[in-house]
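# Let's see this in three dimensions:
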Amino acid sequence: MRNLTSKDSIFGNDEIKLFKETIQLLGEKFKIQPVWSSKIKGMEIFAPDLIDNIVGILLMNANVRGFYLVFVKIYGRRMGWSDPSVSYKDYHAIALATMEKDFGRVLIRKKSMVDKVTNLILPVELKFKDDKTFNKRFYVVVNDKDKAYSCMTPGFRNIVRDFNKDNYIINIVNRTLVIESLENINPQQIVKLAEFADKLSLL
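Purely as a prediction, here's the structure:
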C-alpha cells in the first residue's frame, strides 16, 4: 500500500494534508491498520481498472469482523469542456464489510426522478409493504426477493435511512457489503461513512 501521508508519496501537499486529516479523524473513532491491496484483489466486486487506481486501504477494527476503507483515484473531465486536457482527479472512498447473512445481490441508492420513470415502464424495484418512507426515498433492485426481504430487516432499513447522504451507492454481493462514496474525500464525511459501514456490518 502506498503511504498516504509521506512526503515521498505520489500526492501533492494539499492531498497529503487531506489524507492526514482523514486518517487522524478515523483514528479517533477506530483502530486502523494499513494493508496491502492483495487483501481485496480476489473480490469479484472490483473491476480491474478500479484495482489499478487504489491508492490505499485501511483495515478498520471497530468490531470483531472489522471492515475496510479503500481509497481510489478517479479521473474525469469537466462538464461543458471539449478539450480533453481539461480534466480533474478526485479521490473516493469505498467501504467493504462482510455481512452475517447472504443477501444475494442488492443495489440500494437514493431514488431519482429517472428511477421513478423507469420503474413505471419496467417495474423491477423491490418494495416493502410496511415501509412506505423507505420505498419513497430509496431505489432497491435485487436478484433474489426472498433473501432480500429476509435480510433487509427494519433494523437494516433504519440504519440506511438514518445515513443522510445523497452521493453514495450500496451494493451487496451475497455477504460482501460495498458502500461507495461518489464525491471527493471529505474527512468528516469519511468518518460518517465508516460509522455507517460499521453499523451495517454488525447486523
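# Please give me every residue in contact with F156.
With contact set as CB atoms under 8 Å, 6 or more residues apart in numbering, F156 has these partners: 200, 203. Yep, even glycine has a C-beta here, placed from its N, CA and C like the rest.
# Likewise for V178?
With contacts defined as CB under 8 Å, 6+ apart, the neighbours of V178 are 45, 94-96, 170-172.
# What is the nearest of these to I16?
The nearest member of the contacts of V178 to I16, counting by CB to CB, is I94 at 20.6 Å.
# what's near enough to touch that closest one?
Contacts of I94 by CB under 8 Å, 6+ apart are 69-72, 178-181.
# where does I16 land on pLDDT?
I16 carries a pLDDT value of 84.
# Same question for E21.
93.
# Show me what the helix or strand where it lies is packed against.
Secondary-structure assignment from DSSP states H and E places E21 in helix 13-29. Here helix 13-29 touches strand 54-60, helix 187-201, going by 3 or more CB pairs under 8 Å, 6 or more residues apart in numbering; DSSP states H and E.
# coming back round to it: quick one: which of the contacts of I94 sit in helices?
Judged by DSSP state H, helices contain none of the contacts of I94.
# List of residues touching stretch 125-141?
In contact with stretch 125-141 (CB under 8 Å, 6+ apart) are residues 106-112, 115, 119, 124, 142, 145, 148-149, 152, 154, 157, 160-161.
# Narrow the residues you listed to those in strands?
Of the positions in the contacts of stretch 125-141, 106-110, 142 sit in strands, assigned by DSSP state E.
# Show me which of the contacts of V178 has the smallest pLDDT value.
I45 (65).
# Kindly state the pLDDT recorded for the residue lying closest to Y168 once chain neighbours are set aside?
Spatial nearest neighbour of Y168, excluding adjacent residues (CB to CB, 6 or more residues apart in numbering): S181 at 5.2 Å. For S181, the pLDDT comes out at 91.
# Surely S181 is in contact with N167?
Yes. Judged on CB atoms under 8 Å, S181 makes contact with N167 at a distance of 6.6 Å.
# Looking at those two, which one has more neighbours?
Neighbour tally, S181 and N167, criterion other CB atoms under 10 Å: the higher count belongs to S181, 22 against 13.
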